[in-house]
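> sequence first, predicted coordinates after that:
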Amino acid sequence: CLFSNLTYLGPEAESFIFDDSVHKAYDVLMCVETHLKDDKLKNMIEKLSKSSWIAKGSANPAKIGNSESETGTSGGELIAAKNDIDSYPVHLNVLEQIQNETGEAISFAARIFRFRNFEFLAVALYLKCSVGMDETNNLRMKQVHLLQKILGLALFCAGDFNMDKEELIKSGWPQFMNCELMMPSDATTTLRDTSDRVIDYVLMSRCIVGMLKSICIDSTIPTTPHFSLAIILYSKP
């Protein structure tokens, strides 16, 4: 699985997403900050489909109205799996239920993956930058927790949490969700121009941590300012 904060899924990001080396190395793409609105997101899903990726039902459009962004948008999350990977999207009714309960649009992409003896919920999450666990980020964590509880599945959440491990633990969410934080083993930072700032990692249900083989930085993926993460799961955990 490749996890990337793309900053913007434009032509440059497309060039490596559709590169043969990425298609050969990875079975799942988890992306945040795509900044794709409805029409552009639909086109991207169709492009992925033509390249043997399935993202339909597990891609979330960017929110409109961010004056600080060049695109005027914020967020946008996507999970795409290869055709031969056993996976399916979360039912739309479930996502609508979460929106109704929280009063906010969904701020994550989600997809369910089926292994031989069990299923688990994969989530690509982005939390707001430089605000810690404020009201907005607390609500985004609540949305993920609601999804986890409604489906009754173990959680595998790769995210740009925009806070270090200690700050997220201090918020109480990992303990409340019965999860562990799994960190990239080779990283002292996940930002190219900042030292000692590991803010991209995985929140994972304790009952499935044994399926995780490794998390490390893939420096060949040219995302900026974040490094992308290569996440490897055991095929027979």
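Thanks, I have it.
> can you name the element that comes right after the helix or strand containing residue 203?
Counting by DSSP states H and E, the element that carries residue 203 is strand 200-205. Going down the chain from strand 200-205, the next helix or strand is strand 212-218, by DSSP H and E.
> show me what counts as buried in that next one.
Within strand 212-218, the residues scored as buried using 16 or more other C-beta atoms under 10 Å are 212, 215, 217-218. Quick note: C-beta positions are derived from backbone N, CA and C, even for glycine.
> which secondary structure elements does the strand holding residue 203 sit against?
For strand 200-205, the contact count by 3 or more C-beta pairs under 8 Å, 6 or more residues apart in numbering; DSSP states H and E identifies strand 2-5, strand 154-160, strand 179-182, strand 212-218, strand 228-233 as packing neighbours.
> can you do 7 Å?
Packing partners of strand 200-205 (3 or more C-beta pairs under 7 Å, 6 or more residues apart in numbering; DSSP states H and E): strand 154-160, strand 179-182.
> circling back: just put the buried residues of strand 212-218 in TSV and tack on distance to residue 48 and pLDDT.
Below are those laid out as TSV (distance: C-beta to C-beta, whole Å; pLDDT from 0 to 100):
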residue	distance to residue 48	pLDDT
212	25	97
215	24	97
217	24	96
218	19	95
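> got those residues as TSV, with distance to residue 8 columns?
Shown next, in TSV, are the buried residues of strand 212-218 (distance: C-beta to C-beta, whole Å):
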residue	distance to residue 8
212	29
215	24
217	21
218	19
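> now do the strand holding residue 203: distance to the chain's middle.
Computed by C-alpha atoms, centre = their mean, to the nearest Å, the chain-centroid distance of strand 200-205 equals 10 Å.
> what is the mean pLDDT for it?
In this model, strand 200-205 has an average pLDDT of 98.
> what's next to it, contact-wise?
The contact list for strand 200-205 (C-beta atoms under 7 Å, 6 or more residues apart in numbering) reads 3, 5, 154-161, 165, 174, 178-184, 190, 212, 215, 226, 229, 231.
> and the helices and strands packed on strand 200-205, which is most packed in?
Of those, the one with the most neighbours on average (mean count of other C-beta atoms under 10 Å) is strand 154-160, at a mean of 24.
> quick one: list the elements packing against that strand.
Looks like strand 154-160 contacts strand 119-126, strand 200-205 (3+ C-beta pairs under 7 Å, 6+ apart).
> any stretches of this structure with poor pLDDT?
In the predicted model of the chain, residues 65-71 satisfy pLDDT under 70.
> what about the helices in it?
Counting by DSSP state H, the chain has helices at residues 11-17, 20-25, 38-50, 92-102, 135-151, 165-171, 173-176.
> and the fourth one, what's buried?
It stands for helix 92-102. Residues of helix 92-102 classed as buried: 95, 98 (neighbour count, 16+ other C-beta under 10 Å).
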